[in-house]
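A.B. asks: kindly generate the corresponding structure for this input.
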Amino acid sequence: MKFTLKLVLGLLLATTLTTAESRGEGDAAPKPLNVLMIGNSQCPTIVNSQLIDKLAASDKGARPIKVTGCIKGGASLRSHWEAGTGPTTARGMIAAGPWDFVMLQDIYHVQPAAFQPYARQFHEAIKAAGAQTVLFGTASILSDYPAGFERLHTMHFAMGKELNVPIVDASQAYFRYFGEKPSSEKLESLFAKDRAHPGLQGSYLYSCGIYSVLTGRSPVGLAAPEAIPSDVAKALQETAWAQYQETTAELKK
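C.D. replies: Reported below is the predicted structural model:
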């Protein structure tokens, strides 16, 4: 009798575990995507306010994302590279890993001759560390609109094609959001008061574009900072997603 009861209980327990496993209840929490962002003062709001992390957290079924910054004000890829391999340097952090993605963001006034060799060298270091390179082409300063925006787009697109890596084509996303004949108010809406760094809306547009590139998922309908009106947040999300789709298709040609 005791043996029979023990057998029945064992069968019930096995059935319960099998049912839970089929529902995924026994699965471990999904592993976060670990992202290292190497850049300058275009990036602090993205990292410090965890804008990308919060987009992922609000996306049902998506993996969590943890973004770590190697951010130095006024830094170029060249200065990041020349900083050496100490534990807090870009090269040191890449090697320490592990990272799923490493994003490279250069200074707004960089020219091709200064951008290309360091993008290539960082890409090789990133590959050696087992991670995926992402090129983050930001907007330029407002006084450099539109020529500087186009220069950054052209450089990053060409390097993305050469290295066969994805790019966050934020300068083109700014163009898309501004439209054909933007007002001064529209132009300034993505910038901080200094008209050089992204404001909250600009940083959020960056973040939605980055999220699309990292995941291939749309940011439309995901979390946005309370300070951004809901209609503006939706427009920024839709802009980022449309630009991601266009840029991805162009890179594949």
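A.B. asks: now do the same contact list for Gly97.
C.D. replies: By CB atoms under 8 Å, 6 or more residues apart in numbering, the contact set of Gly97 is 34, 129-131. Quick note: C-beta positions are derived from backbone N, CA and C, even for glycine.
A.B. asks: check Ile65 too.
C.D. replies: So Ile65 contacts 32-33, 35, 52-53, 55-56, 211, 214-215 (CB under 8 Å, 6+ apart).
A.B. asks: of the contacts of Gly97, buried ones?
C.D. replies: Using 16 or more other CB atoms under 10 Å as the burial test, the contacts of Gly97 include 34, 129, 131 as buried.
A.B. asks: in strands only, show me those residues.
C.D. replies: Asn34 (DSSP state E).
A.B. asks: measure the spatially closest residue to His123 that is not a sequence neighbour to Ile141 for me?
C.D. replies: Leaving aside its chain neighbours, His123 sits nearest to Thr133 (4.7 Å; criterion: CB to CB, 6 or more residues apart in numbering). Thr133 sits 25 Å away from Ile141, taking CB to CB, to the nearest Å as the criterion.
A.B. asks: of those two, who's got more company?
C.D. replies: Between Thr133 and Ile141, counted using other CB atoms under 10 Å, Thr133 has the larger neighbour count: 22 against 15.
A.B. asks: for the more buried one, what are its contacts?
C.D. replies: 101-102, 104, 122-123, 126-127, 163, 165.
A.B. asks: let's see which of the contacts of Ile65 end up in strands.
C.D. replies: Among these, the residues falling in strands (DSSP E) are 33, 35.
A.B. asks: so which of the contacts of Ile65 belong to helices?
C.D. replies: 52-53, 55-56, 211, 214-215 (DSSP state H).
A.B. asks: any idea how far Asn48 is from the residue nearest to His123?
C.D. replies: Taking CB to CB as the measure, Thr133 falls 23 Å from Asn48.
A.B. asks: just to check, His123 is in contact with Leu163?
C.D. replies: Yes: counting by CB atoms under 8 Å, Leu163 is a contact partner of His123 at 5.2 Å.
A.B. asks: returning to that earlier point: mind putting the contacts of Thr133 into TSV with pLDDT, distance to Arg78 and neighbour count?
C.D. replies: Converted to TSV, the contacts of Thr133 look like this (pLDDT from 0 to 100; distance: CB to CB, whole Å; neighbours: other CB atoms under 10 Å):
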residue	pLDDT	distance to Arg78	neighbour count
Phe101	98	21	21
Val102	98	17	26
Leu104	98	12	26
Phe122	98	10	22
His123	98	14	20
Ile126	98	16	26
Lys127	98	20	14
Leu163	98	17	18
Val165	98	19	21
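A.B. asks: any idea which of those residues is closest to Ala233?
C.D. replies: Minimum distance to Ala233 across those is 24.2 Å, recorded for Phe101 (CB to CB).
A.B. asks: quick one: that closest one and Glu238, what's the gap?
C.D. replies: Distance from Phe101 to Glu238, by CB to CB: 24 Å.
A.B. asks: please apply the same query to Val67.
C.D. replies: Distance, Val67 to Glu238, using CB to CB: 22 Å.
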